[in-house]
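Novice: Here is my input; please provide its structure:
(chains A and B)
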Amino acid sequence: MGAISGAGIGTAALWQAARDGKTAIGRIELDRPGQNTIKIAAQVKNFDPADHLDSTTVAMTDRFSQFAAVATDEAMAQANLPRDQRLGERAAVIIGTGVGGFTTLDDMMYLYHVTKARMNPMTIPRVMSNAAACHVSMRYGCTGPAFAVSSACSSANQAIGIGASLVKSGAVDYAIVGGSEASITATYIRAWELLRVLTPDFCRPFSIKRSGMTIGEGAGILVLENARTAQARGAKVLAEIAGYGTSSDARDLVRPDLEGAAAAMRGAIENANLAPDTIDYVNAHGTGTVINDAVETAALKKIFGERLAKIPVSSTKPIHGHAIGASAALELIITINAMREGFVPPTINWLEADPKCDLDPVPNQGRKHPIRAAMSNSFAFGGLNAAIVVTQPS
Amino acid sequence: MSGSVTQDRTEIEQQLVDLFVSDGMVDRNAIKPDATLESLGIQSVDIMMVLMSIEEKFGVYVPIDEKLSEAKNLEGFINHVIDRILEEKQKSA
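Specialist: Here you go, the predicted structure:
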């Protein structure tokens, strides 16, 4: 696994922040700050691509592809799959993103419309949503299926789910999957402001007085491998992607739907051939908006019934922000770490129980808790829902 | 003092009703304090348009969450927005 997030570079920084309930949200720093009301985000600070990538790659890529490449390097090093061992046609690369190379697009529009300077001739290859998947596939010689999944906040879970399905079906032996997002510009934040779902102060999922979400950025990458080849080469298996469920509400672009959310969770648990009572932890979508958290709670109740009260359900978004297309990957990495360590991360900034969110949000303080199987949820604008179930390696 | 606040409220309320008509595409005749947003046929997108206009006109950011989400009808919605506008006014005064 590999990650870049507001918490820093690497999965260790992400997990440590999640476990300790230490937020990466701070004041947004931008070259063109704009005049937005919302001044906070979980930004990746002090990231110099030249520290990690060669100059040609840097020149050819938007920040979201750079994030993906750096997170992939970490994941591949952990999986013990070096770059010179080209993975070939038995390897897929599927990387989700909400808006692809938005930073480049914003820069180029500024150059074109405002400063009237020359645009970068590589604008299109940098901006395109499949750029991250392409760069990763070139980087590791993956000549099997490679593409982007763009389903807003559910992008990464869908990318991971599709990759797991390809590996399970035997179509490929390896799948490099996850999500990447690097779109914190003044225009992007302004666009979110207009939807009125950003909190001006604290993101506090499942809590009373919650007033919205906070944007984040980063990348999360996981290397999925067929059990047979993993065993043959003695790879260290961290977890099993046991189930994947996805659904479309087919109702409203921005209002979440209980039935759609429940269908994705049910699908993931059934796909894993598990009973709901084996799920010991849920990493919630938990954006911190009034409606998402209430609808997610109702959907969880539909799946788990009375047992929900006994399942820790935390949202780590107040830690790493809502990194849109990367969020589900960051959260699955946290979920896998939680399962491996037997420690559930907290939902921070939580004040008091909201009767509409009567679940155990692991308020403000993480705790030890043995986990046999865990589920990570994501629900996107457009009404696209995706859930992943992971289990301890067999 | 309280007189001027009341006057402020009535004035702002009228301006907000105008915004609901112009930007929320609501029929002026259907506007009653106890009308629910659903009964007025206001979609989530219309609310965002109204909130954007409120920001432009009054310079106040009103999240769709917290108290606004608890508003049961137009009166509740408008009262919360007025509270926010007066709160900001006081801050900048």
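
Novice: Residues contacting stretch A:306-316, please?
Specialist: A:18, A:205-206, A:276-277, A:279-288, A:293, A:300-301, A:304, A:330-331, A:334, A:344-347, A:358-362, A:366-367, A:369 (CB atoms under 8 Å, 6 or more residues apart in numbering or on different chains). From N, CA and C alone the C-beta is placed, and that goes for glycine too.

Novice: Would you agree A:Ala92 falls within a strand?
Specialist: Yes - counting by DSSP: H, G, I helix; E, B strand; the rest coil, A:Ala92 is located in a strand.

Novice: show me the contacts for it.
Specialist: Contacts of A:Ala92 by CB under 8 Å, 6+ apart are A:142, A:144-146, A:163, A:166-167, A:171-172, A:174-177.

Novice: Show me those residues that map onto strands.
Specialist: A:Ala146, A:Tyr174, A:Ala175, A:Ile176, A:Val177 (DSSP state E).

Novice: where's the third one relative to chain B, distance?
Specialist: The span separating A:Ala175 from chain B equals 36 Å under the rule CB to the nearest CB, to the nearest Å.

Novice: Next: the second one.
Specialist: In this structure, A:Tyr174 lies at 42 Å from chain B, with CB to the nearest CB as the measure.

Novice: Quickly list what that residue is bridged to.
Specialist: Taking DSSP bridges as the rule, A:Tyr174 bridges to A:Ala91, A:Glu225.

Novice: In ChimeraX, select just the buried ones from the ones in strands among the contacts of A:Ala92.
Specialist: For the buried members of those, the matching ChimeraX selection, counting by 16 or more other CB atoms under 10 Å in any protein chain shown, is:
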select /A:146,174,175,176,177
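
Novice: biggest separation within the ones in strands among the contacts of A:Ala92, which pair?
Specialist: Farthest apart among those by CB to CB are A:Ala146 and A:Tyr174. That separation is 11.7 Å.

Novice: Could you show which parts of chain B are in contact with chain A?
Specialist: B:44-45, B:47-48, B:51-52, B:55, B:61-66, B:69 (CB under 8 Å from any CB of the partner chain).

Novice: among these, who's most crowded?
Specialist: B:Pro63 (26 neighbours; other CB atoms under 10 Å in any protein chain shown).

Novice: in a helix, that's where that one is, yeah?
Specialist: No - according to three-state DSSP, B:Pro63 belongs to no helix; its state is coil.

Novice: what pLDDT does it get?
Specialist: Listed pLDDT for B:Pro63 reads 86.

Novice: That one contacts A:Leu195, correct?
Specialist: No - counting by CB atoms under 8 Å, B:Pro63 does not reach A:Leu195; the two are 9.8 Å apart.

Novice: Below-threshold pLDDT in chain B: ranges please.
Specialist: B:1-3 (pLDDT under 70).

Novice: In space, not sequence, find me the middle residue of chain B.
Specialist: B:Ile78 (3.5 Å; CA atoms, centre = their mean).

Novice: Now that one: closest residue in space, sequence neighbours ignored.
Specialist: Of all residues not flanking B:Ile78 in the chain, B:Leu16 sits nearest, at 5.1 Å (CB to CB, 6 or more residues apart in numbering or on different chains).

Novice: got the contact list for the one you found?
Specialist: Counting by CB under 8 Å, 6+ apart, B:Leu16 touches B:Ile54, B:Ile78, B:Val81, B:Ile82.

Novice: ok but the first one is inside a strand, no?
Specialist: Read it as B:Ile54. No - applying three-state DSSP, one finds B:Ile54 to be helix, outside a strand.

Novice: Give me the distance between it and A:Thr143.
Specialist: B:Ile54 is 54 Å from A:Thr143, where distance means CB to CB, to the nearest Å.

Novice: list the buried ones in the longest helix along chain B?
Specialist: Ranked by residue count, the top helix of chain B under DSSP state H comes out as helix B:2-23. Buried residues in helix B:2-23, counted by 16+ other CB under 10 Å: B:Arg9, B:Ile12, B:Glu13, B:Leu16, B:Val17, B:Leu19, B:Phe20, B:Val21, B:Asp23.

Novice: Distance from the chain centre to that helix, please.
Specialist: Mean-position distance between helix B:2-23 and its chain equals 8 Å (CA atoms, centre = their mean, to the nearest Å).

Novice: got the CA positions of that helix in CSV?
Specialist: Coordinates of each C-alpha in helix B:2-23 appear next as CSV, following Å, rounded to 0.1, in the frame of the first residue of the first chain:
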residue,chain,number,x,y,z
SER,B,2,-35.2,46.6,19.0
GLY,B,3,-37.3,48.7,16.7
SER,B,4,-34.5,48.9,14.2
VAL,B,5,-33.7,45.2,14.4
THR,B,6,-37.4,44.4,13.7
GLN,B,7,-37.3,46.8,10.8
ASP,B,8,-34.1,45.2,9.6
ARG,B,9,-35.7,41.8,9.8
THR,B,10,-38.8,42.8,7.9
GLU,B,11,-36.7,44.5,5.2
ILE,B,12,-34.4,41.5,4.8
GLU,B,13,-37.3,39.1,4.8
GLN,B,14,-38.9,40.9,1.9
GLN,B,15,-35.6,40.8,0.0
LEU,B,16,-35.2,37.1,0.7
VAL,B,17,-38.7,36.4,-0.5
ASP,B,18,-37.8,38.3,-3.7
LEU,B,19,-34.8,36.0,-4.1
PHE,B,20,-36.9,32.9,-3.7
VAL,B,21,-39.2,34.2,-6.4
SER,B,22,-36.4,35.3,-8.8
ASP,B,23,-33.7,32.6,-8.2
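
Novice: mind listing which of the contacts of stretch A:306-316 are in strands?
Specialist: Per DSSP E, the contacts of stretch A:306-316 map to strands at A:Ile279, A:Asp280, A:Tyr281, A:Val282, A:Asn283, A:Val344, A:Arg367.

Novice: who's in contact with residue 17?
Specialist: In the absence of a named chain, this looks at chain A. A:Ser5, A:Ala7, A:Gly8, A:Thr23, A:Ala24, A:Ile319, A:His320.

Novice: ah, I was thinking of chain B
Specialist: B:Arg28, B:Ile31, B:Ile78.

Novice: Output the residues you listed in CSV, with secondary structure appended to each entry.
Specialist: Shown next, in CSV, are the contacts of B:Val17 (three-state DSSP):
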residue, secondary structure
B:Arg28, helix
B:Ile31, coil
B:Ile78, helix
